[in-house]
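Chemist: All I have is the shape, not the residue letters:
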Ligand SMILES: Cc1ncc(C[n+]2csc(CCOP(=O)(O)OP(=O)(O)O)c2C)c(N)n1
């Protein structure tokens, strides 16, 4: 069999449905092999678009997404998606082309050492030097990409290897389960939790993978454990609960940190140090029990005193059995704080100011999205508002990137969600800065016939950085720009453009766009003066004593 055919057969054996690609001439054998395969080729308009879509496929399904690019310039454009997958723990397999390696008449034209370039970003980065190694390298690549903690793997397939004849058969994946935590660690954890006066549960990104949600929901409802979550742990347990104390959008100083300060023990399920710290551990502070697939990476702000390592769902289930009615949590403070936070969040949610304030934007978006509809965010200051104010009911319904926190991934990640969940409403929320970094993928979205609404928060600035600049006392300088006319911009791609001109119209504009189907862009002017008012002044003056 020709090596490129073998590569595609190996991808099929892994259950690959899509390859997201910007092919170059070095990929043409593989492209031809894909043409007659069961795999759908999704052509993107920038390698970042392809890579962010593939990584989000991995994030949402647990199976590695696959993206394809050429050597040199194509590969270098995939460094951001590789980093996004590495930090976000999204399984991703990257395939790049290369000039022939046995003989070459190209000298060094377009050649960069892609394998070395991707080594620090990937769990493995390998050049395929013999077609017969394809079955084992593909199987190993998918194993590594998907295994906890998931991440990116790069396989470089040079032109002359792709066309060679091979004799090796594909190696199919096999069934496997994660190891379970030891009894002694679980007994010790249960003992410490039972002895604590005000234990608190933290739910992080690891719990949002591999269906730990069912076990965690049961654990929380059986034990009545008060909880908070990280941005990437949102929705694992329904936040519409008296036990929910907030999402740690900031590392300190928010209302949720009042609960953290009062806690004597924090049970951390699935958070690791890659996500922005939900709180800072201090010497002599709370005891932290780390429950995860992998041991804690110790850091200046994270040094748990006990670890329960193994399959999260299994650990949670067995810990729940040990706690059975014995949790002695003093909930009075937590309950009062829950209501205090809920009232702060709803305070400005019907504010009529225009341009719109972020609290109202979040509340209006929440009101048009059903429990299992999906919001995918790019990165900007609005992310903090969505993390704090958007109540998530189900896992995977709010896609926040709090790991690489890259701009430009919001639109492609929403497109992927729309492909995987065609019956659900999918909304991309982007700043005008982040949207313009990959806005060309609107063409891909239209070509794929997706149903998708893109909400562009328009402040004609890199708002997040402008806010920080102000916070640090620097003069307002160097962070504003002008935008295209977003309505005609959308229309030029064959999408439908809308401009909101009154706060009262946002809900109807979004509902109409979702009902009409197809790709819509909604240009929404925002007023970010609340950033300082709430996130600095109000939080700075907050009192934790209730
Ligand atoms: C690729 C990338 N470049 C730069 C940054 C640093 N950064 C974080 S937020 C931000 C500004 C975002 O602006 P915009 O998308 O307009 O959203 P806003 O904050 O204005 O709501 C920048 C430059 C980043 N996170 N990612």
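Modeler: Yes, it's here. Because the structure is predicted, anything quoted here is derived from the model rather than measured.
Chemist: Flag every buried residue along the lowest-mean-pLDDT helix or strand in the chain.
Modeler: Lowest mean confidence among the helices and strands of the chain (mean pLDDT, DSSP states H and E): helix 539-541, at a mean of 87. Residues of helix 539-541 classed as buried: residue 539 (neighbour count, 16 or more other Cβ atoms under 10 Å). Every residue, glycine included, has its C-beta placed from N, CA and C.
Chemist: Over to stretch 279-299?
Modeler: Residues of stretch 279-299 classed as buried by neighbour count (16+ other Cβ under 10 Å): 279, 281, 286-293, 296.
Chemist: want to throw the residues you listed into CSV with distance to the ligand?
Modeler: Shown next, in CSV, are the buried residues of stretch 279-299 (distance: Cβ to the nearest ligand atom, whole Å):
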residue, distance to the ligand
279, 22
281, 25
286, 30
287, 34
288, 28
289, 32
290, 28
291, 30
292, 26
293, 27
296, 26
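Chemist: and those, which two are the farthest apart?
Modeler: Every pair in the buried residues of stretch 279-299 was compared (Cβ to Cβ); the two farthest apart turn out to be 286 and 293, at 22.7 Å.
Chemist: Can you tell me the closest non-neighbouring residue to residue 440?
Modeler: With Cβ to Cβ, 6 or more residues apart in numbering as the criterion, residue 440 has its nearest non-adjacent residue at 4.2 Å, and that residue is residue 45.
Chemist: Ramachandran angles for that neighbour?
Modeler: The phi and psi values for residue 45, taken as degrees, to the nearest 10, are phi -100, psi 0.
Chemist: Name the SS class of residue 154, please.
Modeler: Under DSSP: H, G, I helix; E, B strand; the rest coil, the three-state class of residue 154 is strand.
Chemist: Please verify my assumption that it contacts residue 115.
Modeler: Yes. Assessed by Cβ atoms under 8 Å, residue 154 is found in contact with residue 115 at 7.0 Å.
Chemist: Looking at those two, which has the bigger crowd around it?
Modeler: A side-by-side neighbour count of residue 154 and residue 115, using other Cβ atoms under 10 Å, places residue 154 first with 26 against 18.
Chemist: Against the ligand, how distant is the more buried one?
Modeler: The spacing between residue 154 and the ligand, counted by Cβ to the nearest ligand atom, to the nearest Å, is 20 Å.
Chemist: any idea how far that residue lies from residue 117?
Modeler: 9 Å (Cβ to Cβ, to the nearest Å).
Chemist: Assign the residue sitting furthest away from the middle of the chain to helix, strand or coil.
Modeler: When distances to the mean C-alpha position of the chain are computed (Cα atoms, centre = their mean), the maximum falls on residue 105, with 42.5 Å. On the three-state scheme (three-state DSSP), residue 105 is labelled coil.
Chemist: Residue 177: neighbour count?
Modeler: The criterion is other Cβ under 10 Å. On that basis, residue 177 has 7 neighbouring residues.
Chemist: cool, and residue 189?
Modeler: Residue 189 has 24 neighbours, counted by other Cβ under 10 Å.
Chemist: give me every residue that touches the residue nearest to residue 440.
Modeler: By Cβ atoms under 8 Å, 6 or more residues apart in numbering, residue 45 lies in contact with 22, 440-441, 443-444.
Chemist: Please enumerate the strands of the stretch 251-400 of the chain.
Modeler: Here the stretch 251-400 of the chain has its strands, by DSSP state E, counting those that start in this stretch, at 265-269, 287-292, 306-309, 374-377, 398-399.
Chemist: Next, see if the fourth one gets close to the ligand.
Modeler: No. Among the residues of strand 374-377, none lie within reach of the ligand under Cβ under 6 Å from any ligand atom; the closest is 10.1 Å away.
Chemist: what separates that strand from the chain centre, distance-wise?
Modeler: Between the centre of strand 374-377 and the centre of its chain there are 10 Å (Cα atoms, centre = their mean, to the nearest Å).
Chemist: hang on, the earlier thing: want to throw the strands of the stretch 251-400 of the chain into a markdown table with mean pLDDT?
Modeler: Formatted as a markdown table, the entries for the strands of the stretch 251-400 of the chain read as follows, by pLDDT from 0 to 100:
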| stretch | mean pLDDT |
| --- | --- |
| strand 265-269 | 97 |
| strand 287-292 | 96 |
| strand 306-309 | 97 |
| strand 374-377 | 98 |
| strand 398-399 | 98 |
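Chemist: could you dump those strands to a markdown table with distance to residue 200?
Modeler: Listed next are the strands of the stretch 251-400 of the chain as a markdown table, based on distance: least, Cβ to Cβ, whole Å:
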| stretch | distance to residue 200 |
| --- | --- |
| strand 265-269 | 5 |
| strand 287-292 | 10 |
| strand 306-309 | 15 |
| strand 374-377 | 26 |
| strand 398-399 | 22 |
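Chemist: which one of those lies closest to residue 339?
Modeler: When these are ranked by proximity to residue 339, the top entry is strand 265-269, at 21.6 Å, counting by Cβ to Cβ.
Chemist: Return the angle between stretch directions for the closest one and strand 287-292.
Modeler: 10 degrees (axes from the mean of the first three to the mean of the last three Cα atoms, to 10 degrees).
Chemist: so what does strand 265-269 touch, helix or strand wise?
Modeler: Judged by 3 or more Cβ pairs under 8 Å, 6 or more residues apart in numbering; DSSP states H and E, the packing partners of strand 265-269 are helix 183-195, strand 199-203, strand 287-292.
Chemist: And the average pLDDT for the second one is what?
Modeler: If I follow you right, that is strand 199-203. Across strand 199-203, the average pLDDT comes to 97.
Chemist: What lies in contact with it?
Modeler: Strand 199-203 is touched from outside by 193, 216, 220, 225-230, 233, 236-237, 245, 248, 259-260, 263-271, 278, 327, 329, 334, with contacts defined as Cβ under 8 Å, 6+ apart.
Chemist: The residue nearest the centre of the chain sits in which helix or strand?
Modeler: Using Cα atoms, centre = their mean, the residue of the chain that lies closest to the mean C-alpha position is residue 401, 4.1 Å off. If you go by DSSP states H and E, residue 401 is not part of any helix or strand.
Chemist: again, but for residue 456
Modeler: Residue 456 belongs to strand 452-458 when assigned by DSSP H and E.
Chemist: In the sheet, which strands lie alongside that strand, parallel or antiparallel?
Modeler: Sheet pairing here is set by DSSP bridges, and for strand 452-458 it gives strand 426-431 (parallel), strand 519-525 (parallel).
Chemist: Make a markdown table from those and add mean neighbour count to it.
Modeler: Converted to a markdown table, the strands paired with strand 452-458 look like this (neighbours: other Cβ atoms under 10 Å):
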| stretch | mean neighbour count |
| --- | --- |
| strand 426-431 | 28 |
| strand 519-525 | 24 |
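Chemist: need the residues of the stretch 351-500 of the chain near the ligand, please.
Modeler: The stretch 351-500 of the chain has residues 379-382, 405-408, 431-434, 457, 459, 461-465 near the ligand, with proximity defined as Cβ under 6 Å from any ligand atom.
Chemist: Among the residues you listed, name the buried ones.
Modeler: Buried members of these, counted by 16+ other Cβ under 10 Å: 379-382, 405-408, 431-434, 457, 459, 461-464.
Chemist: So for stretch 216-224, what gets flagged as buried?
Modeler: Buried positions in stretch 216-224, judged by neighbour count with 16+ other Cβ under 10 Å: 216-217, 219-220, 223.
Chemist: Cross-check the contact I'm expecting between residue 101 and residue 164.
Modeler: No. The pair formed by residue 101 and residue 164 falls short of the contact definition of Cβ under 8 Å, at 11.0 Å.
Chemist: Looking at those two, which one has more neighbours?
Modeler: Neighbour comparison, residue 101 and residue 164: the larger count goes to residue 164, with 17 against 14 (by other Cβ under 10 Å).
Chemist: where does the nearest residue to the more buried one once chain neighbours are set aside fall, phi/psi-wise?
Modeler: Using Cβ to Cβ, 6+ apart and skipping the chain neighbours, the partner closest in space to residue 164 is residue 131 (4.4 Å). For residue 131, the backbone dihedrals are phi -60, psi -30 (criterion: degrees, to the nearest 10).
Chemist: give the contact list for residue 131.
Modeler: Residue 131 makes contact with 2-3, 6, 161-162, 164-166, 168, according to Cβ under 8 Å, 6+ apart.
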